[in-house]
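> sequence first, then the predicted structure:
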Amino acid sequence: MPEQPPPYEEPQPVNMLVTCHTEGCPVADVTYQVPMYPNVEPPTYRAVCAQCEQYVTDIVPA
Ligand SMILES: [Zn+2]
C-alpha cells in the first residue's frame, strides 16, 4: 500500500459584506456580498472596488 498523502485542507471562502464609501463612486454605500479568502498577512481581508478602484475599508463578515 502506498502511503496516503496528508489530507489537504482547501481554504474555504468566507462571505463578507463589502461596501465602498468613496465619494462619487457609482456604487458608493452599496453593499455587496463577496466570498473572500483570508490573506496570510494582515489585513486579513482586502478588496478593491470594481467601480472606483479604491481600496474598500468597509469589510465585515456576512
Ligand atoms: Zn467604489
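Looks like it arrived, so ask away. Residues are numbered from 1 along each chain as shown.
> how about the strands in this structure?
Counting by DSSP state E, one finds strands in the chain at the ranges 14-19, 31-36, 58-61.
> mind putting those strands in CSV, mean neighbour count included?
In this view, the C-beta of every residue, glycine as well, is placed from N, C-alpha and C. Below are the strands of the chain laid out as CSV (neighbours: other C-beta atoms under 10 Å):
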stretch, mean neighbour count
strand 14-19, 16
strand 31-36, 14
strand 58-61, 12
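> just checking, Gln54 touches Val48?
Yes - counting by C-beta atoms under 8 Å, Val48 is a contact partner of Gln54 at 7.1 Å.
> ok, now how distant is the residue nearest the centre of the chain from Thr19?
Centroid-nearest residue in the chain: Met36, 3.3 Å away (criterion: C-alpha atoms, centre = their mean). From Met36 across to Thr19, the span is 13 Å (C-beta to C-beta, to the nearest Å).
> same check, this time on Pro43
Counting by C-beta to C-beta, the gap from Pro43 to Thr19 is 15 Å.
> ok, Asp58 next?
Counting by C-beta to C-beta, the gap between Asp58 and Thr19 amounts to 4 Å.
> picking that back up, same list, the strands of the chain, but as TSV with distance to the ion please.
Output for the strands of the chain, formatted as TSV (distance: least, C-beta to the ion, whole Å):
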stretch	distance to the ion
strand 14-19	9
strand 31-36	10
strand 58-61	10
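> distance to Pro2 and mean pLDDT for those strands - can I get that in a markdown table?
Output for the strands of the chain, formatted as a markdown table (distance: least, C-beta to C-beta, whole Å; pLDDT from 0 to 100):
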| stretch | distance to Pro2 | mean pLDDT |
| --- | --- | --- |
| strand 14-19 | 35 | 96 |
| strand 31-36 | 35 | 95 |
| strand 58-61 | 41 | 95 |
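> which positions in the chain make contact with the ion?
By C-beta under 5 Å from the ion, the residues of the chain that approach the ion are Cys20, Thr22, Cys25, Cys49, Gln51, Cys52.
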